[in-house]
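J.: When you get a sec, could you give me coordinates for this:
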Amino acid sequence: MEKLPAQMTVIGISKPGGPEVLLPETRVVPVPGTDEILIKVAAAGVNRPDVAQRSGAYPPPPGASDLPGLEIAGEVVAVGTGARRHKVGDKVMSLVAGGGYAQYCIAQDAQAMAVPAVLSMQEAGAVPETLMTVWHNVFERGALQAGETLLVHGGSSGIGTMAIQLAKALGAKVIVTVGSKAKADACLKLGAIRAINYKTEDFVAEVKVVTSGAGANVILDMVGGDYIERNYDAAAIDGRVVQIAFLGGPKANVNFARLMVKRLHHTGSTLRPRSNADKAAMVAAIEARVMPLLREGRIKPLMDSSFPLEKAADAHRRMESSEHIGKIVLTM
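T.: From the prediction side, this is the model:
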């Protein structure tokens, strides 16, 4: 077992603002508590909630680290009392409630998963938050079934590219919306049956064409705003609309009669504030249903770019440009 340093480099948020407020700091290496493990971070995923937290719009839940970073991969270097799933030396990837932008990070033992041999550590760092978001929202809340059609807005995002692969692997058909030909090509290569350019095409009309008028059974939406009513138009009878973000705004004028006429179910969730028990249950389901697909190489994160930890501001600039296709990670 390596001797742990007393201090580590982290990326803190000096004040709410743009990417420039992400600055290196020196902090004490944390000690794992009951049911926790300490991970020497090799890679940390960069996600939209990190950007929201940096801007002051998404504070960490009580008790969580004030540092950004919701998913990590690395080596277990210490275990707390009660931690039984993982041991020192294990290579793991884990959802965390914060603190991922650091050389060392605490994780819940029950939320960490073994890194499949087919994944690099950078790829592993791009998996936990994205995969758990897709699994819970598309398959647990949205109840997507084999043979059904899934519409994903933001198909070329980290979440979108994972949703395409997982839905296809489990027998569903996937339609996506994207903003460029390059993004459309990437999504089609992953297995989407249609990539709709929302800048030049009406996604409602195109979804109806692709589905012979039936509409999408499940819609995964991170846009909100005026997409809400349009989603109701694009949804099938008994369709499920699952909201995971509001990049286009959380308010809209909507004709809710469509909910009744089509018997729609509009739900949504955020992952970070969920209880440790809830997250552990999601991990258990993923280990049973999804990890075999990862180990077989049937799904894997589509990687856009990586940045060293001290260049976290550049990683955020890349994300906010919306030019990325797939996942952005920080490396240590």
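
J.: which residues sit against the strand or helix carrying Arg318?
T.: Taking DSSP states H and E as the definition, Arg318 sits inside helix 312-321. With C-beta atoms under 8 Å, 6 or more residues apart in numbering as the test, helix 312-321 has contacts from 11, 19-20, 22, 46, 48, 50-51, 54, 68, 101, 304-305, 307, 324, 328-330. For glycine as for every other residue, the C-beta is placed from the backbone atoms N, C-alpha and C.

J.: in it, what counts as buried?
T.: For helix 312-321, a neighbour-count test (16 or more other C-beta atoms under 10 Å) marks Ala312, Ala313, Asp314, Ala315, His316, Arg318, Met319 as buried.

J.: got the CA positions of the lengthiest strand in the chain in PDB?
T.: Secondary structure assigned by DSSP state E gives strand 36-46 as the longest strand of the chain. Extracted C-alpha coordinates of strand 36-46, given in PDB (Å, rounded to 0.1, in the frame of the first residue of the first chain):
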ATOM      1  CA  GLU A  36     -16.800   4.900   2.200                       C
ATOM      2  CA  ILE A  37     -13.700   4.400   0.100                       C
ATOM      3  CA  LEU A  38     -10.900   6.700  -0.900                       C
ATOM      4  CA  ILE A  39     -10.000   6.700  -4.600                       C
ATOM      5  CA  LYS A  40      -6.800   8.000  -6.100                       C
ATOM      6  CA  VAL A  41      -8.400   9.600  -9.100                       C
ATOM      7  CA  ALA A  42      -7.100   8.800 -12.600                       C
ATOM      8  CA  ALA A  43      -9.900  10.500 -14.500                       C
ATOM      9  CA  ALA A  44     -13.000  12.600 -13.700                       C
ATOM     10  CA  GLY A  45     -15.900  13.100 -16.100                       C
ATOM     11  CA  VAL A  46     -17.000  16.700 -16.900                       C
END
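
J.: Packing partners of the helix or strand immediately after that strand in the chain?
T.: Using DSSP H and E, the helix or strand that follows strand 36-46 in sequence is helix 48-55. Helices and strands touching helix 48-55, as assessed by 3 or more C-beta pairs under 8 Å, 6 or more residues apart in numbering; DSSP states H and E, comprise helix 312-321.

J.: Alpha carbons of the helix it packs on, as PDB, please.
T.: Output in PDB follows, covering the C-alpha atoms of helix 312-321 (Å, rounded to 0.1, in the frame of the first residue of the first chain):
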ATOM      1  CA  ALA A 312     -10.500  22.300 -16.000                       C
ATOM      2  CA  ALA A 313     -11.500  25.800 -17.200                       C
ATOM      3  CA  ASP A 314     -10.600  24.700 -20.800                       C
ATOM      4  CA  ALA A 315     -12.700  21.600 -20.400                       C
ATOM      5  CA  HIS A 316     -15.700  23.700 -19.300                       C
ATOM      6  CA  ARG A 317     -15.100  26.000 -22.300                       C
ATOM      7  CA  ARG A 318     -15.200  23.000 -24.600                       C
ATOM      8  CA  MET A 319     -18.500  21.800 -23.000                       C
ATOM      9  CA  GLU A 320     -20.100  25.300 -23.200                       C
ATOM     10  CA  SER A 321     -19.100  25.600 -26.900                       C
END
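
J.: quick one: whichever helix or strand comes after it to helix 312-321, angle?
T.: The first helix or strand that comes after helix 312-321 along the chain, using DSSP H and E, is strand 327-331. Using axes from the mean of the first three to the mean of the last three C-alpha atoms, to 10 degrees, the inter-axis angle of strand 327-331 relative to helix 312-321 is 180 degrees.

J.: Could you list the residues in contact with strand 327-331?
T.: Counting by C-beta under 8 Å, 6+ apart, 11, 42-46, 69, 101, 122, 125-126, 130, 158, 161, 301-309, 311-312, 315, 318-319 sit against strand 327-331.

J.: Can you point out the buried residues in that strand?
T.: Within strand 327-331, the residues that qualify as buried are Lys327, Ile328, Val329, Leu330, counting by 16+ other C-beta under 10 Å.

J.: Could you give the separation of it from the chain centroid?
T.: Taking C-alpha atoms, centre = their mean, to the nearest Å, one finds the center of strand 327-331 at 12 Å from the center of the full chain.

J.: tell me the SS of the residue nearest the centre of the chain?
T.: Per C-alpha atoms, centre = their mean, the C-alpha nearest to the average position across the chain is that of Thr130, at 2.4 Å. Three-state call for Thr130 (DSSP: H, G, I helix; E, B strand; the rest coil): helix.

J.: Report the separation between it and Ile37.
T.: With distances taken as C-beta to C-beta, to the nearest Å, Thr130 is found 21 Å from Ile37.

J.: how about the helices in the stretch 51-200 of the chain?
T.: For the stretch 51-200 of the chain, the helices defined by DSSP state H, counting those that start in this stretch occupy 121-124, 128-134, 158-169, 181-190.

J.: Can you give the contact residues for the third one?
T.: Meaning helix 158-169. Here helix 158-169 has contacts from 45, 47, 126, 130-131, 133-135, 138-139, 144, 150, 152-155, 173-174, 176, 186-187, 190-192, 220, 222, 244, 290, 293, 298-302, 304, 325-328, using C-beta under 8 Å, 6+ apart.

J.: switch the cut-off to 7 Å
T.: 126, 130-131, 133-134, 138, 144, 150, 152, 154-155, 174, 176, 187, 190-192, 220, 290, 293, 298-299, 301-302, 326-327 (C-beta atoms under 7 Å, 6 or more residues apart in numbering).
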